[in-house]
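Visitor: Below is the sequence, then the predicted model.
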Amino acid sequence: MRPPKLTRRSFLKTAAVGSAAAAVTVGLLSGCTHSGDEETSEPVVVDEDSAESILDTFESVDLALTEESAWSFPLGNVLHPGEATWIPVTTAGSSATPMVKASALSLASGQLVEVVSEPVGKSATTVIYDARCSDYAYAWVELDLQSRAWSLYAAAFSGGALNGTPLTLWEADADYDPAAIAVSDRTVIWQVQPSASGSKTTESSFCYVWHLGDSEAKAAVESPGRFATPVTLSGDAVVLTPRVRADEGVFYGVTAYSLSDDLATRLDQLVMPQNVRPFRATRVGDRFLVSVEASYSTGGLLGQMGTYVGTAGDGFFRLNREPSETGCGHGDVVIIKSLASYFVIDLAKRQYAVLGSADRSVDYGDYPARAGECDLFVTYATVKDPDTGYPATVSVRTFRL
């Protein structure tokens, strides 16, 4: 296996005295990096009549989910997928400086707390771009709006506050997309890939893993080209979609890796038909949830727009609706967002129900703050004032699966 091409990126320098963040050396630790030229599964081409259509063959029933909690927050709060009690939030600043703050929402109490009040970067054009957290670690990306350079930071997190000095995990210029990040327990996982419009488009992409307390991060997965989907967490699995079989054409392998051994073990893989690029991908239990946002002229069923639930060995169920966000679920129950509502599907009972968006939120959308395995479903939406018709609050709801 090839190590990451660290020659294309200088090692991070130790932070200067007085800097707000220390630096972590990014390098290869033990083991090998999964790469796109290793042995992969055969591409899966499913006949259009061999996957079961959920809307055609399942029974439509009343919704069995019960709303557990509901809170309202000021406009400008955007929730991001999280797997634990604390949900990461980006919050609009009260003025132009800072433009965005990094926050967290406790699903136990409904308390919204400010975690990073201003960017670590000192440039006036630097903003907090994205954030993720668990109950033990918090990570965020800062982006310079002018130069498009970005940095990834992380710190220990406890009780709604950072615990210790943030560390710089990665830095890059505009030739690389801002890192897609995920946080599980005390581990930060992120993707670094060349920008589609930059000068490094022929370079490989990498997924890195870092644990709280470590002085180094590990390069775990290499893709000879851009990943098709962001990194997602699902229980003990990390789902990535690297390019595979690169010497044969354009193939994407939706792949579940074991989080317990830093992605060294490949749990399962679904290689999409040639040229078919998945839109979102995750895993619930042993089943993949893969969505395709366009219909291709080739590729069989998996080349048609929709969301597919299943495995290459056991076959698939198909939800024939335009996909929107990453799915989630628990056991045999999966939740898939369409444009205006959620489909709650019980694969064992062969039933489905529809969970509507929050009242008066259709114009702005209702979105999930969970992805992959979860037993508490979380949604958020910008809702309008019933009298004025203008956006008024951000509504957060939770449902027990």
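Guide: Here it is on my side, so go on. Just so it is clear, the structure is predicted and the values come from calculations on it, not from any experiment. Numbers count the residues shown, from 1 in each chain.
Visitor: can you tell me how far Val394 sits from Tyr367?
Guide: 11 Å (C-beta to C-beta, to the nearest Å). Using the backbone N, CA and C atoms, a C-beta is placed for each residue, glycine as well.
Visitor: what residues do those two have in common as contacts?
Guide: 380-381 (C-beta atoms under 8 Å, 6 or more residues apart in numbering).
Visitor: Look up which residues are beta-bridged to His211.
Guide: Thr187 (DSSP bridges).
Visitor: Would you mind measuring from Gly159 to Ala353?
Guide: Note on Gly159: its distance to Ala353, by C-beta to C-beta, is 37 Å.
Visitor: got it, and Thr255?
Guide: 31 Å.
Visitor: can you check Thr393 too?
Guide: The value you get for Thr393 to Ala353, if C-beta to C-beta is used, is 26 Å.
Visitor: How about Ala217?
Guide: In this structure, Ala217 and Ala353 are 42 Å apart, going by C-beta to C-beta.
Visitor: Which strand or helix spans Asp56?
Guide: Using DSSP states H and E, Asp56 maps to helix 54-57.
Visitor: Buried ones in that helix, by neighbour count?
Guide: By neighbour count on 16 or more other C-beta atoms under 10 Å, the buried set for helix 54-57 is Ile54.
Visitor: cool, stretch 191-202 as well?
Guide: In stretch 191-202, counting by 16+ other C-beta under 10 Å, buried: 191-195, 200.
Visitor: what ranges do the strands span in the stretch 301-401 of the chain?
Guide: Taking DSSP state E, counting those that start in this stretch, the strands of the stretch 301-401 of the chain run over residues 306-311, 315-319, 328-330, 333-337, 341-346, 351-356, 366-368, 372-373, 376-384, 391-400.
Visitor: now the strands: where do they sit in the stretch 1-150 of the chain?
Guide: Going by DSSP E, counting those that start in this stretch, the stretch 1-150 of the chain shows strands at 22-23, 25-26, 52-53, 59-60, 67-73, 77-79, 86-92, 100-106, 112-116, 126-133, 137-144, 150-158.
Visitor: quick one, what contacts the closest residue to Glu373 other than its chain neighbours?
Guide: Among residues not flanking Glu373 along the chain, Gly235 sits closest, at 3.9 Å (C-beta to C-beta, 6 or more residues apart in numbering). Gly235 is in contact with 283, 372-373, counting by C-beta under 8 Å, 6+ apart.
Visitor: Give the burial count for the residue lying closest to Glu293 once chain neighbours are set aside, as a bare number.
Guide: Excluding the flanking residues, the one nearest Glu293 by C-beta to C-beta, 6+ apart is Phe279, at 4.0 Å. Counted by other C-beta atoms under 10 Å, the residues lying close to Phe279 total 19.
Visitor: and Val271, bridged to which residues?
Guide: Going by DSSP bridges, Val271 forms beta bridges with Pro43, Gly253.
Visitor: I'd like the distance between Gln351 and Ser234.
Guide: Relative to Ser234, and taking C-beta to C-beta, Gln351 is found at 23 Å.
Visitor: and those two? which has more neighbours close in?
Guide: Per other C-beta under 10 Å, whichever of Gln351 and Ser234 has more neighbours is Ser234, with 27 against 17.
Visitor: if I read this right, the more buried one contacts Tyr257, doesn't it?
Guide: No: Ser234 lies out of contact with Tyr257 (C-beta atoms under 8 Å); the separation is 10.7 Å.
Visitor: Using JSON lines, please lay out the buried residues of stretch 191-202 together with pLDDT, distance to Arg148 and secondary structure.
Guide: Converted to JSON lines, these look like this (pLDDT from 0 to 100; distance: C-beta to C-beta, whole Å; DSSP: H, G, I helix; E, B strand; the rest coil):
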{"residue": "Gln191", "pLDDT": "98", "distance to Arg148": "17", "secondary structure": "strand"}
{"residue": "Val192", "pLDDT": "98", "distance to Arg148": "14", "secondary structure": "strand"}
{"residue": "Gln193", "pLDDT": "97", "distance to Arg148": "14", "secondary structure": "coil"}
{"residue": "Pro194", "pLDDT": "97", "distance to Arg148": "13", "secondary structure": "strand"}
{"residue": "Ser195", "pLDDT": "96", "distance to Arg148": "8", "secondary structure": "coil"}
{"residue": "Lys200", "pLDDT": "95", "distance to Arg148": "13", "secondary structure": "coil"}
